[in-house]
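J.: curious how this folds, go ahead:
(2 chains)
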Amino acid sequence: RKEVEQDPGPFNVPEGATVAFNCTYSNSASQSFFWYRQDCRKEPKLLMSVYSSGNEDGRFTAQLNRASQYISLLIRDSKLSDSATYLCVVNKWQGGKLIFGQGTELSVKP
Amino acid sequence: EAGVAQSPRYKIIEKRQSVAFWCNPISGHATLYWYQQILGQGPKLLIQFQNNGVVDDSQLPKDRFSAERLKGVDSTLKIQPAKLEDSAVYLCASSLELDYTGLNTDTQYFGPGTRLTVL
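T.: Below is the predicted model:
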């Protein structure tokens, strides 16, 4: 079983749609959780951290369920510029090592 | 503020040849990481340095890969000899430092990567 698993993509949605990405992690001792965004042929960039209480940044909402070892990202009112691969990332408690999921590709169409 | 610098951006070599990648982290960042990202996958950590010491190299194929960060600033990753399956993007990242528990609570900033093709 992979340490971090994400929804297989790609997701093709029209502009204005709401889209949700799901992610599960296997190590219950994981401490920190993130969503990174990676544009085509570019480096990953931090989109947002994920907290147990849930957090929102504009059109983006991230949720964490520690009991189910589940992380989600919701994008409302999708824009063309949201087209990218979204990486679910978990920080192992020993040594600060980040474990990346395989990524879910999002394509927003006009 | 300058970001993480990497060179070269692209490299094409034949199998069994050697190759080296260079990374200069953001000034003041004590922690440096090398990742391998194969097409269609997320980045996989190869090695992590805190200053000039190795924190984690458990996924580094030590029979062919080596890395150093001699003065605690820039770093070099080497592959010798290269195999076809080493074709990937090699990403360098840096962050301020690990906290006292060993957790990295600081954002990792990635460089643009080196795209390696092994023929």
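J.: B:Arg115 and A:Ala62, how far apart?
T.: 30 Å (C-beta to C-beta, to the nearest Å). Just so you know, the C-beta spots here come from the backbone N, C-alpha and C atoms, and that holds for glycine as well.
J.: give me the more crowded residue out of these two.
T.: A:Ala62 (22 against 17; other C-beta atoms under 10 Å in any protein chain shown).
J.: got the confidence number for the residue nearest the centre of chain B?
T.: With distances taken as C-alpha atoms, centre = their mean, the residue of chain B nearest its centroid is B:Trp34 (2.1 Å). For B:Trp34, the model assigns a pLDDT of 97.
J.: can you map out the strands along chain A?
T.: For chain A, applying DSSP state E gives strands covering A:4-6, A:11-14, A:19-25, A:32-38, A:44-50, A:55-57, A:60-65, A:70-75, A:84-91, A:98-100, A:104-109.
J.: let me have those strands in JSON lines, extended by distance to B:Arg69 and mean pLDDT.
T.: Below are the strands of chain A laid out as JSON lines (distance: least, C-beta to C-beta, whole Å; pLDDT from 0 to 100):
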{"stretch": "strand A:4-6", "distance to B:Arg69": "27", "mean pLDDT": "96"}
{"stretch": "strand A:11-14", "distance to B:Arg69": "39", "mean pLDDT": "97"}
{"stretch": "strand A:19-25", "distance to B:Arg69": "29", "mean pLDDT": "96"}
{"stretch": "strand A:32-38", "distance to B:Arg69": "24", "mean pLDDT": "94"}
{"stretch": "strand A:44-50", "distance to B:Arg69": "21", "mean pLDDT": "93"}
{"stretch": "strand A:55-57", "distance to B:Arg69": "34", "mean pLDDT": "92"}
{"stretch": "strand A:60-65", "distance to B:Arg69": "33", "mean pLDDT": "95"}
{"stretch": "strand A:70-75", "distance to B:Arg69": "32", "mean pLDDT": "96"}
{"stretch": "strand A:84-91", "distance to B:Arg69": "21", "mean pLDDT": "94"}
{"stretch": "strand A:98-100", "distance to B:Arg69": "18", "mean pLDDT": "91"}
{"stretch": "strand A:104-109", "distance to B:Arg69": "33", "mean pLDDT": "97"}
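J.: can you say which of those strands is packed in most?
T.: strand A:84-91 (a mean of 24; mean count of other C-beta atoms under 10 Å in any protein chain shown).
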